[in-house]
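S.K.: Structure of the sequence below:
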Amino acid sequence: MDKITLGSSSLQVSKICLGTMTFGEQNSEAEAHSQLDYALERGINFIDTAEMYPVMASAETQGSTERYIGSWLKKSGKRGNIVLASKVAGPNSRMHWIRGGKNNLDAVNIRAAVEDSLRRLQTGHIDLYQLHWPSRNVPIFGANSYHPQHERDAVAIEDTLAILGKLVDEGKIGHIGVSNESSWGVCEYIKQAELKGLPRIASIQNLYNLTARQFETGLLDETCHRENVGLLAYSPLAFGQLTAKYLDDPQARGRLTIFPPGWSPRYIRPATIEAARQYAALARANGLTPTQLALAWCYSRWFVASTIIGATSLEQLAHNIDAYAITLSPDIIKAVDAIHASLTNPGQ
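M.R.: Numbers count the residues shown, from 1 in each chain. From the prediction side, this is the model:
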């Protein structure tokens, strides 16, 4: 498994990152441990989690993902073999079980989140600590347009960086990153870090897959390339839609059938389903599974530092990792771009 230096950090991370948000909801603790063992056997050293996981988020399960990783770290003794990433939740009053629903990216909340994550993970430090979503008004999670009327009180970026800087100095976190961010946000984090002598973001964890290619527009890929901020691409299979399992069986077990229908509407839009159908047909016409096409394409993008994959079984995980060895021909890439041109970013 190839490794890469993540952005401006000193972290050497595998080009595939194991996503863990199924641990504690769709996967048991034993299954989680098996996935972690297998990922390491295959050369993956990068593990991503978050304080709010698993999904879908609930008071009953919140923190279970980190606890499962923590019990694996204690049992395996392999903390030194992995780059461990976690995230602090941004403001969301509906998640009342996280610090009374008053969470934000301020000093009190971030410190509390880090301390709780360290305890659950049974470790003394987190290598990459990320802001799960911004404090300010930003169109994310399926919203595509910025609306000034949705402005809200937000924690200043320099204040967020200040507490992260203290936690770096204390050795509790190593490097920092953002998630679900915009080009303006990336630039502002870098500007404030340089002005105030605070930690610089090393990474951005944003949505990127065949149905959601907005990152490529230049607003983000140019910004991140010039500022040396590595993209951690999440949801490369569009919550399973790009595997074609829901096309083959609309009742196939997965997040789009076991969770409420409105939970992630971008992946069940008619245009997203049609795009998935066309990509699946292209894959099968070229002797590939739809999963192999979607992941091999994502793995090959020049600006993707690491692709975050998840699975609910070892068989799925193996298939996802194996796709890294596939090189797509120029004709397949051309066909992918043709589908994208006719069905542009329906899953964004």
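S.K.: Identify each buried residue in the least confident helix or strand in the chain by mean pLDDT, please.
M.R.: Lowest by mean pLDDT, DSSP states H and E among the helices and strands of the chain is helix 255-258, with a mean of 90. For helix 255-258, the neighbour count (16 or more other C-beta atoms under 10 Å) marks R255, L256 as buried. For the C-beta atoms, the positions are set from N, CA and C on the backbone; glycine is no exception.
S.K.: In the next helix or strand after that helix, which residues are buried?
M.R.: Beyond helix 255-258 on the C-terminal side, the first helix or strand identified by DSSP states H and E is helix 270-285. For helix 270-285, the neighbour count (16+ other C-beta under 10 Å) marks T272, I273, A275, A276, R277, Q278, Y279, A280, L282, A283 as buried.
S.K.: Check stretch 94-105 too.
M.R.: For stretch 94-105, the neighbour count (16+ other C-beta under 10 Å) marks M95, I98, R99, N103, N104, L105 as buried.
S.K.: How about residues contacting it?
M.R.: By C-beta atoms under 8 Å, 6 or more residues apart in numbering, the surrounding residues in contact with stretch 94-105 are 51-52, 57-59, 62, 88-93, 109, 112-113, 131, 134-135, 154-155, 160.
S.K.: First-to-last residue distance for that stretch?
M.R.: With C-alpha to C-alpha, to the nearest Å applied, stretch 94-105 spans 16 Å between its terminal residues.
S.K.: What average pLDDT does it get?
M.R.: The average pLDDT within stretch 94-105 is 94.
S.K.: Centre of the chain to it, how far?
M.R.: 21 Å (C-alpha atoms, centre = their mean, to the nearest Å).
S.K.: same deal with stretch 225-235?
M.R.: Distance of stretch 225-235 from its chain centroid, counting by C-alpha atoms, centre = their mean, is 11 Å.
S.K.: Mind checking the pLDDT average for it?
M.R.: Averaging pLDDT along stretch 225-235 yields 97.
S.K.: cool, stretch 195-202 as well?
M.R.: pLDDT averaged over stretch 195-202 gives 97.
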